[in-house]
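**Student:** Sequence and predicted model, in that order:
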Amino acid sequence: MAEEKQVCLSGKGLTKVFGFGRQRTLAVDHVDFSFYEGEIVSIVGESGSGKTTLAKMLLGLINPTEGEIAFQGQVRDISSQKKRKEYWKNIQAIFQDPFSSYNIFNKIDAVLLDCIHMRGGRNLPHEKKVELMTEACGFVNLKFAELTNKYPFELSGGQMQRLMIARIFLLKPKVLLADEPTSMIDACSRATILDMLMDLRREIGMTLIFITHDIGLAYFVSDSVYIMEHGKIVEHGSADEVILNPKEVYTRRLINDVPKIYEEWDLSTV
Amino acid sequence: MKHTLQQVFHSGKFVIGFVIFVALMLIVIIYPLIITDAPLTIIAQGTFFKPGIYVNVYDSMNAPKYTLLLEDADAKRIASRLTPEDRQAMKEWLIAIGIPDNAIDIEDTAQLLGLWETHFDPKMQIAGMTNAKRNYYIRLNTSLEGLLATEGAIIAAKNADTGALEEKGNVGQSEFVNVTQVANVRVLPLGTDNFGRDVLTQLVTATRVSLQIGFIAGLIATLVGLTLGLLAGYVGGWVDDIIMFVTNLFTVIPGFVLLILISFSIGQERRGATTVAVVIGFTSWVWTTRAVRAQVISLRNRDHVNLSKLSGHSLVHIILNDILPYIASYVVMAMILQISSGILAEAGLSILGLGPRTTDVPTLGLMMNWAMIYQAHVLGKWWAYLPVLITIALITFSMNLMNTGLDQVFNPALRD
Amino acid sequence: MKAYRKYFLKKLGWFAITFVFAFVLNFTLPRLMPGDPVAAIVARLAQGLSDASGVQAIYQQYSELFGTNKPMYEQFFIYIGNVLRGDFGFSFSQYPRTVADTLKSSILWTIGLQFPAIIVGWIIGNVLGALAAYLKGGFDKVLMPLSIFASNFPAYGMAVIFMVIFGVALEWFPTSGGYGFDLIPEFSWNFIKSVITHYQLPFWSIVVIAIGGQAIGMRSMAIYELNADYVKFARFMGIKDRKIIGYVFRNAMLPQVTGLALSIGTMFGGALITEIVFSYPGLGYTLLNGVMGQDYPLISASTLLITLMVLLANFTIEILYGIIDPRIKAAQAD
Amino acid sequence: MGKILLEVRELTTKYVTRFREDVYAVDHVSLQVEEGKALGIAGESGCGKSTLALSLMGYYFAPLHYISGDIIVDGRNITGMDPDTVRKAVLGRDVAYIPQAAMNALNPTQKVINFIEDVIKVHDLGADKKEIYERARILFETVGLPESVLHKYPVELSGGMKQRTVIAIAVLLSPKVLIADEPSSALDVTSQKMVIKMLMRLMEDGLIGSLIFITHELPLLYNVTDDIMVMYAGQIVEKGTAREIVFDPLHPYAKGLMGSIIVPEEGVRDVKLTAIPGAPPNLKKPPSGCRFAERCKYVQPLCKVTSVGFKELDNGRTYRCIFSEAELREAYQNG
């Protein structure tokens, strides 16, 4: 690639320790990374690898024990609610389980209105807000007119996850962190969600970070891949490099242990 | 939301509990509007008057009289005056003179009197009978003759000037008065207590006061428990550690011991119903704290809370909007239990003599305490304690039924 | 075994801390109240006691016991020292008997009555609850409302009803006391017989109250366990239902043991009042006498003793729990 | 053609939800498993595959209820048998079951060996503790589990170890058919592979006669099984060899499902995933026509009204669609 890539989000020596004394666990252990503007990155790891903790630190939901995160070249400062709010205009997330992502006591409209307000649209006339929400729903193939005044539990899992994408469409963040966005929904709906995420990235030009345990999915969607094991990043590089030509033992094992359909799945290695 | 309410009312247990509770509340509200007597006024000279309608004798003499020719009036009159002991004695006498045992039925007043009239002879000497016993039989016979007399009774009063008795009126045996025409009638459906106070009026007031104590205690316990539980669960870290340390301590240290110590230290004079309620509230928050904390911890890491944070909402907004609605049902259930256990705690304290001071208002516990002190249960004065027990049981039972009903709706694991 | 020792020590430490706190509370609560406690007590005494020299003696004893003229912390240490020696001072209401003496005669009655009753109630309640969960249908439909009712009925209410039915009306058992009032405590057949007949009513009224709450708890635990995956797997391995009930009962019982540990304090409280109803010569009755006689040293000492007993019971249950639940050992192992 | 160990004919069962609603999750399902073969059942959440697994055991308890159909194990029809006979003579011996949630599949307060004793005793196979222990030890050795596991409580075992222990117990009596319901979906990839390897070994060693493997993970199914049946809304919609189903599905739903496979292999990045709009029908009131009609790209008016039967091809493949093989292939060609 000829053009210079701009670093969007980076971390240095990022560490998270839970508990103390004998119960002390290093969830994330001195991790360094740089995610570039507009690229699709996957952070792959098995359960307990620390990928979810890393994601929460990136989102500013939990504070790192050590190390720093820089956003667009500047060290992130989220020490006050105001600064956090500013940061969250730039970085947003879609979570794994659509059913638990919604406050079941709030109507669907509230979820979308929150986004409009966050983008400074609190004082817009009501018609304008409806127009924005209709547009966002249209983007994910939902009809706002049918959803308005409904509660989240009246929707199917796939619809809920699409509405989460509509939310991102309204927020237009610089970075979107998708934490296993398709693992709880049926294979048939997975394509729809992935397509919509790709369309959305094209539309607003954001950096897309997938957090996943599914190395196949990581390979399928991303430009570059980070492999995590026991809180450490053990390998990273372009998707083709890492998946087709893994250098680390752990990565090789991970890929090797996933059942394949084109090549023989080698059962002798365990 | 509406759907949930519907489900709640589809639960049979909840509905039964709710109906009982509402009925009690209605009685507590409506009764004082009709009967406005002060609950602690002493109206009876003497203790433990039986439940019944009390008709003023003097007023009934002056009330218009009606003659009703009721055939069984005599028999009833005699039957009501002949005590079981007298009947037994009559039987013994009859047997002694040779009437076969099986020919005498002491329950059959007419037959017994018939036998007595034909066989009794005061002069007869019976072997082994003491003089005192014979005199008793003679007295019994005289009183029976009086009862069997057909004349009415003369009412006489002393003439203030002459000092002689003058006939004022005559009460025939078949004369009746209409109760509604008697000036002074007092209905005491539950009789009077040891101090001579109307038990029913007292009970209604006591129920109200006990419910108030329960509500205040429940409210305080719930508020304290909710606040501490939210703080411990949501803020976590050392705040959680400290709160949990204290909560664990107070879980093991028995609450009623604290209750006894505090109540005693406050002293009888300063112990009003509200004070007792507040003390109960402040010694019973631990369970709510534990339950709320556990709920909040499971909610804290839910994605909808994370999403709410990412939408820039403040801590207060998140607690009010994203946490509280989810735990509301648990808090309501906990509060129902706190109210009913508050009522029980008051009753227990009062039995120990550490209840509210006895001079202002009755409470269910105090009524129970008085009944126990004056041995109502041993003396067979059921009306002094049984209605109180039933009321306490109805309140706590109804509240726990509502709670179980709610639990079945909100806790799917229990549905089967 | 090492893991279990760790568990034991942890529980022991916690027990010690709790007791210290309870002790401090016992000491400070009355002193936190506004006004001078000694003055208040003496004022109350003036109404209660006619023997002037007795009042004077108690006043001095009390000042000595608590060291009321010294600073609070010093009073506290004096108090600890005295309590450690078993010296709780003289009883106001039963002067010249000492508090220790009064308590000594009542504590055994309480222990003998309450613990067996609570344990028997716990066992019957658990069996009934498990049966209700397993049999469902009619048994469950009758048992559950009864249990809810029993568990919400005030403890003394059950006592009163038992007394009226079995004591007053049927005259099966005596209605008050721990033994016949015409007997003196001794080791004779007559006395033992009297103790046993007096024991029945308070015992069973505590048992019935305990059954209700335990049955409800066990039923919901057992329903939860019956839906567990291991039940399904065991069924599909051909295991008999009766055996599965055994598994479920054991697993559902374990939380019930912890539940007992947590609720033993409350149960104890209800049982104390049952003692009062039957004038049973235990701690509850002593406590009532203390309150009636405005006898502060007696109240303070009996509440301390009750707390200690509850804590000890709690501690014992937790220790037993550690032995019967293998998960404790496993959890401590790593 | 090998000996048929399990034959299921038109099995229909329902389960009752806690709101007392009937859900017809297994609707006239027929299948056959040959000795030494593994049959896969593929389907998404809510298609009835887990209910099918339970229904195949021939031993029903609430909330599952048998309605109709036959289950013939090794020539013996077990559907008419008295439940107690099924329990003693069939469960564990003829058919065995491995549940999805191995985490909770063992009694948490019982040592592994004690449960094994219970299982062997209930089938009246030698009550001597020593014999049982020896038998368990040998089995564990064969399946590659350490002997120490026998003395452990489930909490002391890792997730993968627990699942393998569950499998070892399930095959204790060398069942003719082993039904595995998502046995590895809660495990990480390495443990999953160990579990699969263990299952394969059991087949090779003859410790189990045949295997029914149920999962939503298609690449796994493809690697484990010989034949695959695709289940949709309580019905089987297609059956064929694993290769045929994965690389050449005929039913439009199977086609969609196979089009969503993602594996970390070269070329995968260029594939366009297929998306199927909509959601499966409600099984409380299943539609009368083809159950996939609402979501099918090639739907015809007729599909929604007539109930569609199976079409069988010459090579034994069957599928449930009104279109002929040629019509379907042509439709797929044109996209």
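**Tutor:** Looks like it arrived, so ask away.
**Student:** use CA for all of it now, contacts and neighbours both
**Tutor:** OK.
**Student:** quick one: low-confidence ranges for the chain?
**Tutor:** Answering for chain A, as no chain was given. Low-confidence segments of chain A (pLDDT under 70): A:1-4.
**Student:** wait, chain B
**Tutor:** Judged by pLDDT under 70, the stretches of chain B that qualify are B:1-4, B:411-416.
**Student:** and the residue of it nearest chain A?
**Tutor:** B:His304 (4.1 Å; CA to the nearest CA).
**Student:** could you measure that residue against A:Ala166, distance?
**Tutor:** 16 Å (CA to CA, to the nearest Å).
**Student:** Looking at the two, which is more packed in?
**Tutor:** A:Ala166 (28 against 23; other CA atoms under 10 Å in any protein chain shown).
**Student:** I'd guessed that one sits against A:Val140; true?
**Tutor:** Yes - judged on CA atoms under 8 Å, A:Ala166 makes contact with A:Val140 at a distance of 6.1 Å.
**Student:** which phi and psi does A:Asp179 have?
**Tutor:** Here is the backbone geometry of A:Asp179 (degrees, to the nearest 10): phi -90, psi 100.
**Student:** all strands of chain D, in order?
**Tutor:** With DSSP state E as the criterion, chain D has strands at D:4-16, D:22-34, D:38-42, D:64-73, D:76-77, D:95-98, D:177-181, D:210-215, D:227-232, D:235-241, D:311-312, D:318-319.
**Student:** And for the stretch 151-270 of chain A?
**Tutor:** Using DSSP state E, counting those that start in this stretch, the strands of the stretch 151-270 of chain A run over residues A:175-179, A:207-212, A:224-229, A:232-238.
**Student:** Run the contact check for the longest one versus chain D.
**Tutor:** No - residues of strand A:232-238 contacting chain D under CA under 8 Å from any CA of the partner chain: none, with a closest distance of 12.9 Å.
**Student:** What separation is there between B:Val204 and chain D?
**Tutor:** 41 Å (CA to the nearest CA, to the nearest Å).
**Student:** Downstream of the strand or helix carrying that residue, the next helix or strand is which one?
**Tutor:** Counting by DSSP states H and E, the element that carries B:Val204 is helix B:199-230. Using DSSP H and E, the next helix or strand after helix B:199-230 towards the C-terminus is helix B:237-252.
**Student:** other SSEs contacting that next one?
**Tutor:** With contacts taken as 3 or more CA pairs under 8 Å, 6 or more residues apart in numbering or on different chains; DSSP states H and E, helix B:237-252 sits against helix B:286-300, helix C:2-32, helix C:241-277, helix C:296-324.
**Student:** same thing but 6 Å
**Tutor:** On a contact count with 3 or more CA pairs under 6 Å, 6 or more residues apart in numbering or on different chains; DSSP states H and E, helix B:237-252 meets no helix or strand.
**Student:** Report the distance from that helix to the chain centre.
**Tutor:** Taking the mean of its C-alpha atoms, helix B:237-252 sits 39 Å from the chain's own mean (CA atoms, centre = their mean, to the nearest Å).
**Student:** export that helix as CSV, just CAs?
**Tutor:** Coordinates of each C-alpha in helix B:237-252 appear next as CSV, following Å, rounded to 0.1, in the frame of the first residue of the first chain:
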residue,chain,number,x,y,z
GLY,B,237,-14.5,-2.1,45.2
TRP,B,238,-13.8,-1.0,48.8
VAL,B,239,-17.3,0.4,49.2
ASP,B,240,-18.7,-3.0,48.5
ASP,B,241,-16.1,-4.6,50.8
ILE,B,242,-17.1,-2.4,53.7
ILE,B,243,-20.8,-2.7,53.2
MET,B,244,-20.6,-6.4,52.8
PHE,B,245,-18.5,-6.7,56.0
VAL,B,246,-21.1,-4.8,58.0
THR,B,247,-24.0,-6.7,56.3
ASN,B,248,-22.4,-10.1,57.1
LEU,B,249,-21.9,-9.0,60.7
PHE,B,250,-25.5,-8.0,61.1
THR,B,251,-26.7,-11.2,59.3
VAL,B,252,-25.1,-13.3,62.0
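**Student:** got the buried residues for that helix?
**Tutor:** B:Asp240, B:Ile243, B:Met244, B:Thr247, B:Asn248, B:Leu249, B:Phe250, B:Thr251, B:Val252 (16 or more other CA atoms under 10 Å in any protein chain shown).
**Student:** Ok, stretch B:168-188 next?
**Tutor:** B:Gln173, B:Ser174, B:Phe176, B:Val177, B:Val182, B:Val185, B:Leu188.
**Student:** what's the first-to-last distance across that stretch?
**Tutor:** 31 Å.
**Student:** just the helices in chain A please.
**Tutor:** A:51-59, A:81-90, A:98-101, A:108-118, A:126-139, A:144-147, A:157-171, A:187-204, A:215-221, A:239-244, A:249-257 (DSSP state H).
**Student:** From the contact counts, what lies against the last one?
**Tutor:** Helix A:249-257 is packed against no helix or strand, with contacts defined by 3+ CA pairs under 6 Å, 6+ apart.
**Student:** Run through who's touching it.
**Tutor:** A:Pro246, D:Val189, D:Thr190 (CA atoms under 6 Å, 6 or more residues apart in numbering or on different chains).
**Student:** one step back: need the winner for burial among the strands of chain D.
**Tutor:** strand D:95-98 (a mean of 29; mean count of other CA atoms under 10 Å in any protein chain shown).
**Student:** Averaged pLDDT, that one. What do you get?
**Tutor:** Mean per-residue pLDDT for strand D:95-98: 94.
**Student:** just stretch D:282-297 next, same as before
**Tutor:** 88.
**Student:** Do it and chain A come into contact?
**Tutor:** No - Stretch D:282-297 is not in contact with chain A by CA under 6 Å from any CA of the partner chain; minimum separation 10.7 Å.
**Student:** mind listing what's buried in that stretch?
**Tutor:** D:Leu283, D:Pro286, D:Pro287, D:Gly289, D:Cys290, D:Arg291, D:Phe292, D:Ala293, D:Glu294, D:Arg295, D:Cys296.
**Student:** And the buried ones among the contacts of helix A:249-257, selectable in ChimeraX?
**Tutor:** Here is the ChimeraX command that selects the buried residues among those (16+ other CA under 10 Å):
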select /A:246 /D:189,190
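**Student:** restrict the contacts of helix A:249-257 to contacts with chain B.
**Tutor:** Applying CA under 6 Å from any CA to these, none is adjacent to chain B.
**Student:** Name the nearest of the contacts of helix A:249-257 relative to C:Ile223.
**Tutor:** D:Val189 (34.4 Å; CA to CA).
**Student:** What is the neighbour count of the closest residue to A:Gly11 other than its chain neighbours?
**Tutor:** Nearest non-adjacent residue to A:Gly11, counting by CA to CA, 6 or more residues apart in numbering or on different chains: A:Ile69, 4.4 Å away. When counting by other CA under 10 Å, one arrives at 23 neighbours for A:Ile69.
**Student:** For chain C, see how far away A:Ile69 is.
**Tutor:** For A:Ile69, the distance to chain C equals 34 Å [CA to the nearest CA].
**Student:** Name all residues that make contact with that residue.
**Tutor:** Contacts of A:Ile69 by CA under 6 Å, 6+ apart are A:Ser10, A:Gly11, A:Val75, A:Arg76.
**Student:** Give me the buried subset of these.
**Tutor:** Here, 16+ other CA under 10 Å leaves A:Ser10, A:Gly11, A:Arg76 buried among the contacts of A:Ile69.
**Student:** Give me the subset of these that lies in strands.
**Tutor:** A:Ser10, A:Gly11.
**Student:** Is it possible to get CSV of the buried ones among the contacts of A:Ile69 that adds distance to B:Asn194?
**Tutor:** Listed next are those as CSV, based on distance: CA to CA, whole Å:
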residue, distance to B:Asn194
A:Ser10, 83
A:Gly11, 81
A:Arg76, 78
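**Student:** related to what we said a few turns ago, nearest to chain B, of the buried residues of stretch D:282-297?
**Tutor:** D:Leu283 (20.7 Å).
**Student:** Could you pull up the contacting residues of the closest one?
**Tutor:** D:Val23, D:Tyr24.
**Student:** Could you pull up the residues touching whatever residue of chain A ends up closest to chain D?
**Tutor:** In chain A, the residue that lies nearest chain D is A:Gly216 (4.0 Å; CA to the nearest CA). A:Gly216 is in contact with D:Ile262, D:Val263, D:Pro264, counting by CA under 6 Å, 6+ apart.
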